[in-house]
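Student: Got a predicted model here, sequence first, then my questions.
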Amino acid sequence: MKYNKQLLITGLAAAIAGCGGGSSSQPPINDNGSTPPTSNYEHVVSASYFSSCGEIIPQTEALVVRHDNSGAVAAVYKADNDGNIAIDYADVATYTMLSVGYWGETAYPRVHTYVDITADKIKDTRIIAEGFANEDSCECNNVTFDISQVPVASPMASVVVSTTTSSNIFDVNDTDWLAEANVCRPIGGEWPDIALTLTSAQEEPAETYYTAVLSDYSFDETYVVSNAELVRKVPFSVLNNNVNSNSSLRVSLRGLKDGWMHYADNVRAWDVAELSPSVPIFDTPETYINAYNFEFDSFSSEGTDVQVSIYTGAEVTLPSTHTESLDLSLMSYDLFSQQVLTFFDDESYNLSSVGADSVTVTLSGNDSFDDRLYFFQLTTPSQGSLAILDNLDIEGVDFPLSANFNFDEEPASGYIGLEAYDVQSTNDYLESLKNDDVTAYGMVYFDF
């Protein structure tokens, strides 16, 4: 493995992130940021921030660049005041999305290049920006709730708490009949709903799930949970587990509503036989299920310690109406781990042997003060090359960070990631993108 390749590819990421400003070569744009219409087709990509107070703020700085066959700028699509980017080009092209992220209160460029896609495959961007919330704009409080009427409460229960103003969930383990939830809101806004996922603390893993939503609560009185409902389950199995793993098999369960985590549970087992033979299907519009193995290793190269994390798993998003049995076949750990080593041999990579439909390369760098310098992603078919970055040009694109950042700075720390996705229902690259069907995946991250 040629670890010094790291410096080359972080340099390539910096090259594409370093936009020039105010050049006459910039394509014409309309007042709302889109290029003059060339067809009746339109796809809207959304860009926003999510503060630690739970406020969604449109990201008006975001933009999308469409490249022509030579890699030059063919069109620029800018976000409007609602953070919406309207793209009117229907055919296949290479796109680069530019947005601004925040590492604490420090802004940094986020760049995602998609090779040979249609515009509807560009992902919406919602960036967690904790620096947008402060004591003057946010208020929080605690809600005490009584779960004694929920069947799994006796003798002890485990409760997972989530709200629509938080990007995280937290566990209340081995609780008696009383528990607390912390809620936050922007000042002047509405208090969020509290979603509870309740299981028996004596079941490992959980067999019986109840869920409840608390909405009409107060901070002065204990809320009695009387509306908990039993969750329906379907038969479930995990296949192709890494039997030689040194860590546990993990299953993440998420009930999703409007893209938010609503209900949740995290299951761990040392053997597939220890898993429950059924899995909950929550009454939210979607249930996300992710089963995976995790392996960790480390090595030292040229005086730098590198930590290696490998995930091989399978995921699916199901509607609340799903009733059929579910089999998740994980990507082969042995095959994936062998293939990722070739990533450092040269600029090209080929993960078709693991069945991958698409590959995403991630490059992230921090400076010596641990502030984020940049975050870059490249999505390609299973056979791709970083050499494409040599030809992509965004000269003349007016991006807010172009004049304020030194992209030539060598990162003091960061990581390189390689993710391979195999959607089981298709072998087509375009069809596989933004697809909720059963997907086997392999991910490796090199932290330096």
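Tutor: Cool, the structure landed.
Student: C-alpha only now, for contacts and for neighbours.
Tutor: Noted.
Student: Any stretches of the stretch 251-400 of the chain with poor pLDDT?
Tutor: Where the stretch 251-400 of the chain drops to pLDDT under 70, the residues are 344, 400.
Student: Is residue 360 in contact with residue 419, as I believe?
Tutor: Yes - counting by CA atoms under 8 Å, residue 360 touches residue 419, with 5.1 Å between them.
Student: how about the helices of the stretch 251-400 of the chain, start to end?
Tutor: Shown for the stretch 251-400 of the chain, the helices assigned by DSSP state H, counting those that start in this stretch span residues 333-340.
Student: residues in contact with the residue nearest to residue 88 when sequence neighbours are not counted?
Tutor: Spatial nearest neighbour of residue 88, excluding adjacent residues (CA to CA, 6 or more residues apart in numbering): residue 42 at 4.4 Å. Counting by CA atoms under 8 Å, 6 or more residues apart in numbering, residue 42 touches 86-90.
Student: Between these, which sits nearest residue 285?
Tutor: Ranked by distance to residue 285 (CA to CA), the contacts of residue 42 are led by residue 86 at 26.5 Å.
Student: so where does residue 431 fall, helix or strand?
Tutor: According to DSSP states H and E, residue 431 maps onto helix 429-432.
Student: after that helix, next one along is what?
Tutor: Downstream of helix 429-432, the next assigned helix or strand under DSSP H and E is strand 439-447.
Student: That following strand vs helix 333-340, what angle?
Tutor: Strand 439-447 runs at 50 degrees relative to helix 333-340, counting by axes from the mean of the first three to the mean of the last three CA atoms, to 10 degrees.
Student: Grab the CA positions of strand 439-447 and hand them over as PDB.
Tutor: Output of strand 439-447 as PDB, limited to C-alpha atoms (Å, rounded to 0.1, in the frame of the first residue of the first chain):
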ATOM      1  CA  THR A 439     -28.200  -2.600  -0.800                       C
ATOM      2  CA  ALA A 440     -25.100  -4.400   0.200                       C
ATOM      3  CA  TYR A 441     -22.200  -2.100   1.000                       C
ATOM      4  CA  GLY A 442     -18.600  -1.900   2.000                       C
ATOM      5  CA  MET A 443     -16.900   1.200   3.500                       C
ATOM      6  CA  VAL A 444     -13.300   1.800   4.500                       C
ATOM      7  CA  TYR A 445     -11.900   4.900   6.200                       C
ATOM      8  CA  PHE A 446      -8.200   5.700   6.700                       C
ATOM      9  CA  ASP A 447      -7.800   8.200   9.500                       C
END
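Student: And the contacts of that strand?
Tutor: Outside strand 439-447, the residues touching it (CA under 8 Å, 6+ apart) are 306-316, 328-331, 333, 336, 340, 356, 413-424.
Student: mind listing which of those are in strands?
Tutor: Applying DSSP state E to those, the entries found in strands are 306-316, 328-329, 413-423.
Student: Would you mind writing the PyMOL command to select the buried ones in the contacts of strand 439-447?
Tutor: Buried subset of these, written as a PyMOL selection, criterion 16 or more other CA atoms under 10 Å:
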select buried, resi 306+308+309+310+311+312+313+314+315+316+328+329+330+331+333+336+340+356+413+414+415+416+417+418+419+420+421+422+423+424
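Student: May I see the contacts of residue 42 organised as TSV, with pLDDT and secondary structure added?
Tutor: Below are these laid out as TSV (pLDDT from 0 to 100; DSSP: H, G, I helix; E, B strand; the rest coil):
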residue	pLDDT	secondary structure
86	97	strand
87	97	strand
88	95	coil
89	96	coil
90	96	coil
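Student: So residue 267 sits against residue 251, correct?
Tutor: Yes - in this structure, residue 267 is within contact of residue 251 by CA under 8 Å, at 5.0 Å.
Student: quick one, phi psi at residue 190?
Tutor: Main-chain torsions, residue 190, degrees, to the nearest 10: phi -90, psi 150.
Student: That one and residue 183, how far apart?
Tutor: 11 Å (CA to CA, to the nearest Å).
Student: can you check residue 49 too?
Tutor: 19 Å.
Student: now what about stretch 202-220, what contacts it?
Tutor: Stretch 202-220 is contacted from outside by 141-144, 150, 152, 156-157, 192-200, 223, 225, 227-231, 263, 267-269, 274-276, 278, 280, using CA under 8 Å, 6+ apart.
Student: make it 6 Å
Tutor: If you take CA atoms under 6 Å, 6 or more residues apart in numbering as the criterion, stretch 202-220 is touched by 143, 193-199, 228-231.
Student: Just the pLDDT for residue 30.
Tutor: Residue 30 carries a pLDDT value of 42.
Student: Give me the distance between the two termini of stretch 159-175.
Tutor: End-to-end for stretch 159-175, by CA to CA: 8 Å.
Student: Now find how far off-centre that stretch is within its chain.
Tutor: Relative to its chain's centre, stretch 159-175 lies at 19 Å (CA atoms, centre = their mean, to the nearest Å).
Student: Kindly report the same for stretch 170-178.
Tutor: Stretch 170-178 has its C-alpha centroid displaced from the chain centroid by 28 Å (CA atoms, centre = their mean).
Student: in that stretch, what counts as buried?
Tutor: 171, 174-177.
Student: can you check stretch 90-109 too?
Tutor: Neighbour count says stretch 90-109 has 90, 93-103, 107-109 buried, by 16+ other CA under 10 Å.
Student: can you count the residues close to residue 259?
Tutor: As a burial measure, residue 259 scores 10 neighbours (other CA atoms under 10 Å).
Student: let's have the chain start at 874 instead
Tutor: Fine by me, first position is 874 from now on; the one you just mentioned is residue 1132.
Student: Backbone dihedrals for it, both of them.
Tutor: Torsion angles at residue 1132 (phi, psi; degrees, to the nearest 10) stand at phi 80, psi 0.
Student: now the strands for the stretch 924-1073 of the chain?
Tutor: Secondary structure of the stretch 924-1073 of the chain (DSSP state E, counting those that start in this stretch): strands located at 929-931, 936-940, 946-951, 957-960, 966-976, 979-990, 998-1001, 1011-1019, 1030-1036, 1043-1048, 1051-1059, 1067-1073.
Student: do the stretch 1074-1223 of the chain as well
Tutor: With DSSP E, counting those that start in this stretch as the criterion, the stretch 1074-1223 of the chain has strands at 1083-1087, 1096-1097, 1102-1103, 1106-1112, 1122-1130, 1133-1142, 1151-1153, 1159-1174, 1177-1192, 1199-1202, 1221-1223.
Student: Run through the stretch 924-1073 of the chain and note the low-pLDDT ranges.
Tutor: Scanning the stretch 924-1073 of the chain for pLDDT under 70 picks out 1003-1008.
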